[in-house]
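Engineer: my questions are about this predicted structure, shown below with the sequence.
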Amino acid sequence: MLRRHQILRVQKLTTDVNHAVSTSVSSRDTFLDCLKGFAIGTVVLGHTFQGATPDFDHSLPFRLIYSFHMPMFMFIAGMTASLSFSKRLNTTPDLPSYLSEIKSKALRLVVPFMTWAIIKYFLVHPAGYDPATWLLHMLQVPDEGLWFLWALFQCSCVLALASMAVQYFYYSLTATSSSGRNNPAELYLLLILAWPIANASFRALPSDLGLGMAKAFFPYFFAGFIFHIIRPAGLPNTLRWIPYVIFVALAPFWYRTEVSPVAQLFPNPGSANLEFQRIVAVAGTLALVDFARLFTDNAPAVLTRAVAYCGKRSLDIYAIHFFFLPYFPPVIAPIVASLGVSVILRTNPVTSWLCLGQKPMKIWPMNRYRLSQGPAGLTNNAVAMPKE
């Protein structure tokens, strides 16, 4: 009797632990999905402001959005990339697993990039190009298409090399440790050291094939990767207000094509302007990350699900929303229409893989077992007997 009681206690403890872990994972995924939902919302909002006036570079709403929204998107992509790294951290370094991940990234990012480039070719018919030369042109000048996908793939390849190196050294340190236990401080130090090394190695590469854009955004991508490993719960409560203050104070003086008035106060305005832009981008990014966390924890469930769904379909919205920017109401109509087109594309295997790099949806899944049992869902027996 006592043994049975102990077994029941162990089973209950295991159930409670599994429930806590699943709840934590669900909460984490919901937060990241909401964060991506807000991020894609800023992209659509920025493009809406861009089309609202010819002189958009001097429009304050446009400047506020563009001061941080694409660095933020790279930062979030780095946060998401940290999840797979964390799963394999305590395992033996395995090159095939990294190669498999790169293959998956190519399918997820490069295939849609090239598909939408071909779609643009047949819609615009650019002079002097055939489909093959147009694709080569888009790889060289990706900002004429869905450049973020191509740049993110390039950043992911460099990150895979850096991650493999960090995992190898961390695994070696753990194996040679007298206690045999993991030391988070060693991991954090390795990640911080890997950041400038990976960035410098990336910058040493030629800027062909659109690498110039990837180089510019890689620091934000790697920063998001490190941030979500070291501070998965976000900034400490004593510091979380600082990014809001910095962004609100400096963002109005940010300009995309001009030197900021703040940078002109320094002896070398050009260099100062680059640093000023980085500070504003980081402040805006950290502020939105914190806001998304507050939203996930406190917003009504219906709003959380809606924003999280947009986050899950952020690539779809990014690829499709350009076609619906003129429609009313602004921002909402392009997002809703993009989600509608996304559903259509995802129901077909060919369009789902080519346009979105995803497995097709199964809207009407068929249960073969139930069909084989007949219309009543039963066998030929008059009574369905439960299995032993």
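Structural biologist: Looks like it arrived, so ask away.

Engineer: in the stretch 51-200 of the chain, which spans are helices?
Structural biologist: Under the criterion DSSP state H, counting those that start in this stretch, the stretch 51-200 of the chain carries helices at the ranges 60-66, 69-88, 95-105, 111-124, 131-140, 147-176, 184-203.

Engineer: quick one: mean pLDDT over the last one.
Structural biologist: Taken as a whole, helix 184-203 has an average pLDDT of 91.

Engineer: now that helix against helix 147-176, angle please.
Structural biologist: Per axes from the mean of the first three to the mean of the last three CA atoms, to 10 degrees, the angle that helix 184-203 makes with helix 147-176 is 140 degrees.

Engineer: thinking again about what came up before, turn the helices of the stretch 51-200 of the chain into TSV, including mean neighbour count and distance to L294.
Structural biologist: For every residue, glycine as well, the C-beta is placed using N, CA and C. Shown next, in TSV, are the helices of the stretch 51-200 of the chain (neighbours: other CB atoms under 10 Å; distance: least, CB to CB, whole Å):
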stretch	mean neighbour count	distance to L294
helix 60-66	19	20
helix 69-88	21	16
helix 95-105	14	31
helix 111-124	17	32
helix 131-140	15	39
helix 147-176	19	26
helix 184-203	15	26
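
Engineer: which among those is found nearest to M361?
Structural biologist: Proximity to M361 (CB to CB) singles out helix 111-124 among the helices of the stretch 51-200 of the chain, at 16.0 Å.

Engineer: what about I197, distance to E275?
Structural biologist: To E275, I197 is 21 Å away according to CB to CB, to the nearest Å.

Engineer: can you pull out the low-pLDDT segments for the chain?
Structural biologist: By pLDDT under 70, the weakly predicted segments of the chain are 1-28, 177-181, 363-388.

Engineer: tell me, how many residues neighbour R278?
Structural biologist: Applying other CB atoms under 10 Å, we find 13 residues neighbouring R278.

Engineer: for P349, same thing?
Structural biologist: What P349 shows, counting by other CB under 10 Å, is a neighbour count of 11.

Engineer: ok, it - contacts?
Structural biologist: Contacts for P349 were tallied using CB atoms under 8 Å, 6 or more residues apart in numbering; they are P360.

Engineer: hang on, the earlier thing: got a markdown table for the helices of the stretch 51-200 of the chain, with distance to P326 too?
Structural biologist: Formatted as a markdown table, the helices of the stretch 51-200 of the chain follow (distance: least, CB to CB, whole Å):
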| stretch | distance to P326 |
| --- | --- |
| helix 60-66 | 17 |
| helix 69-88 | 21 |
| helix 95-105 | 33 |
| helix 111-124 | 15 |
| helix 131-140 | 24 |
| helix 147-176 | 22 |
| helix 184-203 | 38 |
